[in-house]
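>>> return a 3D structure for these sequence lines:
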Amino acid sequence: MKSTGVIRRIDELGRIVIPKEIRRNLGIRDGENVEIFTDNESIILKKYNRLTTSSDLANSLCEIINNDFGYKMIITDREKIIGVSGLDKDLINKNINKEQIDLIEKREIVEKKDYSLKFNNYDLNGNFIFIPIISLNDSIGLIIMYSNSNLTNELSIGKLISSIFSRKLDI
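Coordinates of the predicted model:
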């Protein structure tokens with residue numbers, strides 16, 4: 001654990017202000033939740049992500065979709081890839097870029113044909129459907145269906161996977 005050199009006073013209601021620079025560096029937006037941990041005499045704040053606990057579900061669903069239908073799929077949270085099917089498993093934990101974050105925020109299904117999708121050193125070319133994962137009225141991730149040829153039933157499968165995540169997280 002490294003010191004930031006920042007000292008803050010706790011107010012009469014027990015609140016502290018996390019400096020904007022620290023929130024920006026950690027990608028914590030206004031209104032987002034943080035988890036609070038204790039370790040001996042330390043209080044640790046961690047950006048909370050509901051989908052992080054669902055990476056096992058993401059990978060299981062990806063495996064089923066690939067084995068049963070042969071579809072290529074990527075599942076993301078708001079920061080990184082948490083599951084893939086039919087693609088290199090090295091994509092897992094790769095950061096998503098601003099364009100994918102904008103698609104999450106847009107909260108609409110978007111189809112892109114003859115498109116180039118980039119994740120760090122990975123470059124995928126083909127047809128894509130981007131389906132946001134919305135839970136408790138918050139857009140928290142993205143289902144990306146990918147095909148080198150025409151997309152047929154991928155939209156239905158992507159909507160189903162998005163719905164499964166939404167219902168699991170709404171509980």
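>>> only C-alpha atoms from now on, for both contacts and neighbour counts.
Noted.
>>> distance from the chain centre to the helix or strand harbouring residue 144, please.
If you go by DSSP states H and E, residue 144 is part of strand 138-147. Relative to the centre of its chain, strand 138-147 is centred 8 Å away, using CA atoms, centre = their mean, to the nearest Å.
>>> quickly run through the sheet partners of it, with directions.
Partner strands and pairing direction for strand 138-147 (DSSP bridges) are strand 72-76 (antiparallel), strand 122-135 (antiparallel).
>>> could you give the angle of the next helix or strand after that strand to strand 122-135?
Downstream of strand 138-147, the next assigned helix or strand under DSSP H and E is helix 154-170. Inter-element angle recorded for helix 154-170 and strand 122-135: 50 degrees (by axes from the mean of the first three to the mean of the last three CA atoms, to 10 degrees).
>>> re the thing from before, residues in contact with the strand holding residue 144: which ones?
Around strand 138-147, the neighbours that count as contacts under CA atoms under 8 Å, 6 or more residues apart in numbering are 50-51, 71-78, 100, 103-105, 107, 126-134, 154-155, 158, 161-162.
>>> now which of those would you call buried?
Buried members of the contacts of strand 138-147, scored by 16 or more other CA atoms under 10 Å, are 51, 71-78, 100, 103-105, 107, 126-134, 154-155, 158, 161-162.
>>> pLDDT wise, what is the residue positioned nearest the centre of the chain at?
What sits nearest the mean C-alpha location of the chain, by CA atoms, centre = their mean, is residue 77, with 0.7 Å. You'll see residue 77 listed with a pLDDT of 87.
>>> just residue 154 next, same as before
84.
>>> so how far is residue 163 from it?
14 Å (CA to CA, to the nearest Å).
>>> and for residue 134?
For residue 134 relative to residue 163 (CA to CA), the value is 8 Å.
>>> and the strand holding residue 144, what's its mean pLDDT?
In the prediction, strand 138-147 has an average pLDDT of 89.
>>> buried residues, it. List them.
Buried positions in strand 138-147, judged by neighbour count with 16+ other CA under 10 Å: 139-147.
>>> for burial, what's the neighbour tally of the closest residue in space to residue 119 that isn't next to it in sequence?
Nearest in space to residue 119, with sequence neighbours left out and distances taken as CA to CA, 6 or more residues apart in numbering, is residue 96 at 6.3 Å. Residue 96 has 17 neighbours, counted by other CA atoms under 10 Å.
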